[in-house]
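1. Need a 3D model of the sequence below.
(one chain, ligands or ions: 1)
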Amino acid sequence: MSKRIFLSDIHMGPRREVLPPRFDYDWLTKDEAVRLGSFFEYIKDNEAADTEVILVGDILDNWICPYDEVPPSFQEIFDANPEVVSGIKGLLDKGMKVTFLEGNHDMYLSQADLDTVFDGSVNVKYGESYTDRGIHAEHGHSFDPFNVKLQGGSAIQGLPLGYFISRAVATKQAMEDSSKEPLCEIIKKAGAALIGGDSVAVSVFDAIMEDAGMDSTAAFVMPDGGVVTVAQVRAAYEDTTLGLSVADLRPKAKTLSLAEDDVKLVIFGHTHGKVIDSLDLENPAEPLLSEYTKVYANSGTWIEKDKAPTYIEVKVDTRDNHLNYISLMKWDDGAASKVGSRFFSF
Ligand SMILES: [Mn+2]
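-> Residues are numbered from 1 along each chain as shown. Have a look, this model is predicted:
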């Protein structure tokens, strides 16, 4: 029996000094970073060395940055969050494996970035998805048209439209101290009011630029220091006709588990909404422990105000045809407790 722990949507930012009249725009606060550091310490102290920790995307965030600031490098973000970095180093020192999966807010993180911060530890790996013994985990942005990685075409620097929308959202937060809300929700709300036109993607973009007080000449400062205006972004993504962004990934989990017989448990992040649920494919009445039962879980987030952060814990029985036990957990006041659980066999 070995344990896998999945968490996502931590959104570590650069924690730059912010001078009035601007407000702090980072999504992960200092207190939340400290809380996460203590969670990693708890895992190190209480779990066996063969435990694996899988970070299911949006761990770092170089998208939430006002349009007129140079976005942070991943190194700057790691340096600004020593509580989190030392927590992960503690896991590695114990011999645990840690896997970073790609999210949209940390889309171009690489193995080289991780090797720099974690001193080349062979136990830190970077990947797009994690598959092992019936488990399929990935962030989920690849199913979200606003946030999927784009290469080629007219996309600016390989980024989706959601990148520029995030920069505008950060701009508004820096000006008004507005609340942090997952991008897929913001897009969904903006899109719900606008759907029906041919260019839904650009309509959503227009609405969010207006909300952030950015006119067509406002210039986004890009990571390389160059600038791209709102008008240029609009032109680059003008032909993109997109459906609404997915704020509920459950149908995608179902498609994925149907396509692959070996996929018994699908784990996503991205929506910030914690979920543990059966994907009953044959019988909606859910026969207990049925071999047809597959499970969808979403790890939730570590940045929701006044709510305990959540994660997914899987106890894997490495003998074939044995039941594995999956739990949605929360970390509250320094203690772990179970929110819900399911079985799956592999
Ligand atoms: Mn995401």
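
2. I'd assumed C65 was in contact with H105.
-> No - H105 is beyond contact range of C65, at 10.4 Å (criterion: CB atoms under 8 Å). Where C-beta positions appear, they are placed from N, C-alpha and C, glycine not excepted.

3. The two - which one has more neighbours?
-> Neighbour comparison, H105 and C65: the larger count goes to H105, with 28 against 24 (by other CB atoms under 10 Å).

4. Please state the backbone phi and psi of that one?
-> phi -70, psi -10 (degrees, to the nearest 10).

5. Low-confidence stretches in the protein?
-> Residue ranges of the chain with pLDDT under 70: 179, 191-199, 241-246, 280-292.

6. what about the residue lying closest to G103 once chain neighbours are set aside, distance to S73?
-> In space, and not counting its chain neighbours, G103 is closest to G57: 2.7 Å by CB to CB, 6 or more residues apart in numbering. Using CB to CB, to the nearest Å, one gets 18 Å for the distance from G57 to S73.

7. And the two? Which one has more around it.
-> Each of G57 and S73 has its neighbours counted (other CB under 10 Å); G57 has more, 29 against 14.

8. For that one, list the residues it contacts.
-> 8-9, 101-106, 138-141, 269-270 (CB atoms under 8 Å, 6 or more residues apart in numbering).

9. Filter those down to the ones in strands?
-> L101 (DSSP state E).

10. Please produce TSV containing the contacts of G57, extended by distance to the ion.
-> Converted to TSV, the contacts of G57 look like this (distance: CB to the ion, whole Å):
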residue	distance to the ion
S8	8
D9	6
L101	11
E102	10
G103	5
N104	5
H105	6
D106	9
E138	11
H139	6
G140	7
H141	5
G269	6
H270	4
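
11. Which single one of the contacts of G57 is nearest to D119?
-> The shortest gap between D119 and any of the contacts of G57 belongs to D106, at 19.9 Å (CB to CB).

12. ok, and the closest non-adjacent residue to that closest one?
-> That would be L60: by CB to CB, 6+ apart, it lies 4.2 Å from D106.

13. for V70, same thing?
-> V221 (5.2 Å).

14. Ok, W27 next?
-> In space, W27 is closest to H11, 3.7 Å off (CB to CB, 6+ apart).

15. Report how many residues lie close to the one you found.
-> By other CB under 10 Å, neighbour count at H11 equals 25.

16. Equivalent analysis for V18, please.
-> 13.

17. Confirm that Y311 lies within a strand, as I assumed.
-> Yes - under DSSP: H, G, I helix; E, B strand; the rest coil, Y311 falls within a strand.

18. excluding its backbone neighbours, what's nearest I267?
-> Nearest non-adjacent residue to I267 (CB to CB, 6+ apart): A137, at 4.0 Å.

19. Quick one: residues contacting the residue nearest to W27.
-> D26, W27, L28, D58, I59, L60, D61, I64, H105, T301, W302, I303.

20. Check the secondary structure at the first one for me.
-> The three-state assignment at D26 reads coil, by three-state DSSP.

21. All set now, cheers.
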